[in-house]
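**Student:** sequence-free structure coming up:
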């Protein structure tokens with residue numbers, strides 16, 4: 001019986017190739033998933049997601065796997081960088097699709113034709129002669145025109161969201177909802193907070209991680225990789241360090257608000273609670289290593 005499940009057919013080829021390479025390294029090292037979690041510091045659940053193509057492994061996890069299997073990390077790191085770009089592109093497409101669904105769904109409700117076309121029904125006074133009603137042919141024409149108008153509105157929304165198809169013309173308001181504007185009714189299933197409601201909360205516990213997150217900024221400080229992680233859906237960002245040592249501290253700051261976390265013994269990966277942001281560029285992450293060395297994403 002094969003050890004590994006088949007990867008999802010829709011998985012990007014670069015992500016699939018990285019996942020297959022990680023599987024090969026695990027097989028070569030003769031590691032179980034439980035043993036892999038023990039020697040790398042990443043949880044068993046996380047490795048199951050990485051190795052099944054459900055979640056992109058962080059760079060620190062890829063490097064840790066290479067080290068424990070005696071493999072040079074250079075090749076897998078290059079593969080990871082290509083896969084991370086592909087993952088970010090897929091997240092962008094997902095965000096645009098969700099935004100389009102939220103915009104078009106209310107317009108698809110039946111029975112709203114009068115409200116959407118601005119038509120107002122006026123009751124005739126008692127005993128007044130009946131108002132002239134257009135023939136059936138004219139009614140069909142009016143209904144057709146109303147439907148065409150609704151289609152044009154939807155197409156206009158698509159054009160605004162995609163910037164005419166080149167991704168450059170999307171209005172700022174559509175790209176970056178304000179931290180306080182994201183309500184629970186607007187959130188996709190599994191996401192438990194939005195905007196200011198996410199501040200101080202754990203990204204994974206609130207459903208803001210996984211395929212909803214992108215790396216907004218990254219830098220290397222000593223042996224640690226420092227990142228600003230951003231979820232447009234949640235309107236929040238957080239700091240993360242991989243390749244960390246006990247005592248390394250990470251902080252994220254946005255709009256005057258800061259959140260912190262510290263790597264404990266045995267951890268090589270940790271992240272801060274979230275802060276609300278209006279866009280990925282608003283947050284900055286900084287790290288203070290146990291050795292005293294410091295650095296920020298800028």
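**Tutor:** Looks like it came in fine. Source: prediction; values computed, not measured. Numbering: from 1, shown residues only.

**Student:** Share the number of residues neighbouring the closest residue to residue 56 other than its chain neighbours, please.
**Tutor:** What sits nearest to residue 56 in space, not counting adjacent residues and going by C-beta to C-beta, 6 or more residues apart in numbering, is residue 87, at 4.5 Å. C-beta coordinates here come from the backbone N, C-alpha and C atoms, glycine included. Around residue 87 there are 22 other residues, counting by other C-beta atoms under 10 Å.

**Student:** Quick check, residue 87 in contact with residue 19.
**Tutor:** No. Between residue 87 and residue 19 there is no contact under C-beta atoms under 8 Å: 11.2 Å.

**Student:** which outside residues touch the strand or helix carrying residue 14?
**Tutor:** In this assignment (DSSP states H and E), residue 14 forms part of helix 13-29. Applying C-beta atoms under 8 Å, 6 or more residues apart in numbering, the external contacts of helix 13-29 come out as 3-4, 7, 11, 33, 36, 50-53, 56-57, 62, 65-66, 68-71, 76, 79-80, 82-83, 85-87.

**Student:** filter those to the buried ones?
**Tutor:** The neighbour-count test (16 or more other C-beta atoms under 10 Å) marks 7, 11, 33, 36, 50-53, 56-57, 62, 65-66, 68-69, 71, 76, 79-80, 83, 86-87 as buried among the contacts of helix 13-29.

**Student:** Residue 206 - that's part of a helix, no?
**Tutor:** No. Counting by DSSP: H, G, I helix; E, B strand; the rest coil, one finds residue 206 to be coil, located in no helix.

**Student:** What's the separation between it and residue 223?
**Tutor:** 29 Å (C-beta to C-beta, to the nearest Å).

**Student:** coming back round to it: buried residues, the helix holding residue 14. List them.
**Tutor:** So for helix 13-29, counting by 16+ other C-beta under 10 Å, buried means 14-19, 21-23, 25-26, 29.

**Student:** Tabulate those (CSV), appending distance to residue 45 and pLDDT.
**Tutor:** Converted to CSV, the buried residues of helix 13-29 look like this (distance: C-beta to C-beta, whole Å; pLDDT from 0 to 100):
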residue, distance to residue 45, pLDDT
14, 24, 87
15, 19, 89
16, 21, 90
17, 23, 91
18, 19, 91
19, 16, 92
21, 21, 90
22, 16, 93
23, 17, 92
25, 19, 92
26, 16, 92
29, 20, 88
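
**Student:** if we take those, which one ends up nearest to residue 190?
**Tutor:** The nearest member of those to residue 190, counting by C-beta to C-beta, is residue 15 at 21.1 Å.

**Student:** Check the gap between the closest one and residue 23 for me.
**Tutor:** Residue 15 is 13 Å from residue 23, by C-beta to C-beta.
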